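> Mind folding the following:
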Amino acid sequence: MRRHSASDISQALAMRIQALVMELLPAGRRDSHEWRCGSLAGEKGQSLAVHLHGDRAGVWCDFAGGQKGDALDLVAACLFNGNRRDAMRWSERWLGLGNTANNAPVQRRPVQEKLNGSQELDLEAQQRRAKARRLWQEGQPIENSPADAYLRGRGLDLRLLPNMPGSLRFHPSAWCAEVQRPLPAMLAAIASPAGKMIACHRTWLQQTSSGTWVKADLRAPKKVLGSFAGGCVRLTRGVSGKALGIADVGSSVLIAEGIETSLAVALACPEMRVLAGVSLSNMGAVGLPPQITTVIIAGDNDGPHNHTARKALEAACQKFAEQGREVRLALPENKGDWLDVHQAGQDVTRS
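Numbers count the residues shown, from 1 in each chain. Predicted coordinates for the structure are as follows:
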């Protein structure tokens, strides 16, 4: 029996990527040239993106969990807890490559039946949004909570901001599907361009034996409940103190990706209005009022070889430029994100 290399299998999977994502992530949905779902666990959402066409077919990134890879890595992550050897055996069988009769069968997830009509899709979206709002309403003020302690442990003292962010809360027992039980969590309200809450970001937390609050030891410790395309977490309002929708004409805004990274930027630039775009792919989609004339994208420096991230940042800049806004891209000098810069005690405003 001819043994197929990991590269051969990955390329073959990429050629059938649309069928593969329906097999592995049936609750996802197509969004332009990508397949989108909430995470590697397969729930609905936007945080996991898989490219469906071209040279990048099969390339994926879980923006909430921080994992990425090729088509074979996707099989390994979804079905075998990252074990590529088992993923290769399964993939050979799924692709029909050679004699795989001796391979142990793996039960695949059933492909979700297509919903009939947009009304069912709208109803599901409304239900997820209502669930997100209920979770948010159950949350407690973040000040002096375990979520506050978690942020302070990462060098992010909210008391140094002009105002305590109203978009952040703490929940003592938010349900976590990965472990099938509730866990403490930091909540972040994701607002639409009109200012209405459309989704809730959750960062599950745990307390160490020393009493320190840290990010929970999960495969996906961060997830979004609800669809957040075009939305953002509104963290600070800058010197004007005005809500985004009534910002002064000629105002500027600074958009970073994750919540912690955005808070690091907000602490370094308290005079600026700072928004968290939640995911790299959503940064350029954040809806802004016309009076915002300058947009600063505070991106992560993922190194010279991460072309996917760089293209996503350039695409975000291009989208805002096409809206007639002045756009600037700020990247850390060294590899890493702005939280790394903040924790190192460097001046964020230099770049």
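> Give me the helices and strands touching the helix or strand of the chain with the lowest mean pLDDT, please.
When the helices and strands of the chain are scored by mean pLDDT, DSSP states H and E, helix 118-138 comes last with a mean of 78. Identification of packing neighbours for helix 118-138 by 3 or more CB pairs under 8 Å, 6 or more residues apart in numbering; DSSP states H and E yields strand 168-176, strand 181-191, strand 197-207, strand 222-225. Every C-beta, even on glycine, is put in place using the N, C-alpha and C of the backbone.
> can you tell me how far the nearest residue to residue 181 once chain neighbours are set aside sits from residue 183?
In space, residue 181 comes closest to residue 175 once its chain neighbours are excluded; the distance is 7.6 Å by CB to CB, 6 or more residues apart in numbering. Distance check for residue 175 against residue 183: by CB to CB, to the nearest Å, it reads 8 Å.
> Have a look at the two and say which one is more surrounded.
Neighbours of residue 175 and residue 183, each counted by other CB atoms under 10 Å, are more numerous for residue 183; the result is 19 against 16.
> shouldn't the more buried one be in contact with residue 205?
Yes: between residue 183 and residue 205 there is a contact under CB atoms under 8 Å: 7.0 Å.
> So for stretch 59-76, what gets flagged as buried?
Within stretch 59-76, the residues scored as buried using 16 or more other CB atoms under 10 Å are 59-65, 67-76.
> Just the ones in strands from those, please.
Within those, residues falling in strands by DSSP state E are 60-62, 67-69.
> got any ranges where the protein has weak pLDDT?
Applying pLDDT under 70 to the chain flags residues 1-3, 42-43, 64-66, 98-122, 303-305, 346-351.
> Please identify which of the ones in strands among the buried residues of stretch 59-76 is nearest to residue 226.
Ranked by distance to residue 226 (CB to CB), these are led by residue 62 at 17.3 Å.
> Correct me if wrong: that closest one contacts residue 46.
No: between residue 62 and residue 46 there is no contact, the gap being 11.0 Å when judged by CB under 8 Å.
> What is the burial count for residue 196?
For residue 196, the neighbour count with other CB under 10 Å is 11.
> how near is it to residue 138?
For residue 196, the distance to residue 138 equals 18 Å [CB to CB].
> Can you tell me the closest non-neighbouring residue to residue 318?
residue 284 (7.4 Å).
> ok, the one you found - how many residues close by?
By the measure other CB under 10 Å, the count of residues near residue 284 is 22.
> ok so, going back, among the helices and strands packed on helix 118-138, show me which one is buried the most.
Most buried of the helices and strands packed on helix 118-138, by mean neighbour count (mean count of other CB atoms under 10 Å): strand 222-225, with a mean of 26.
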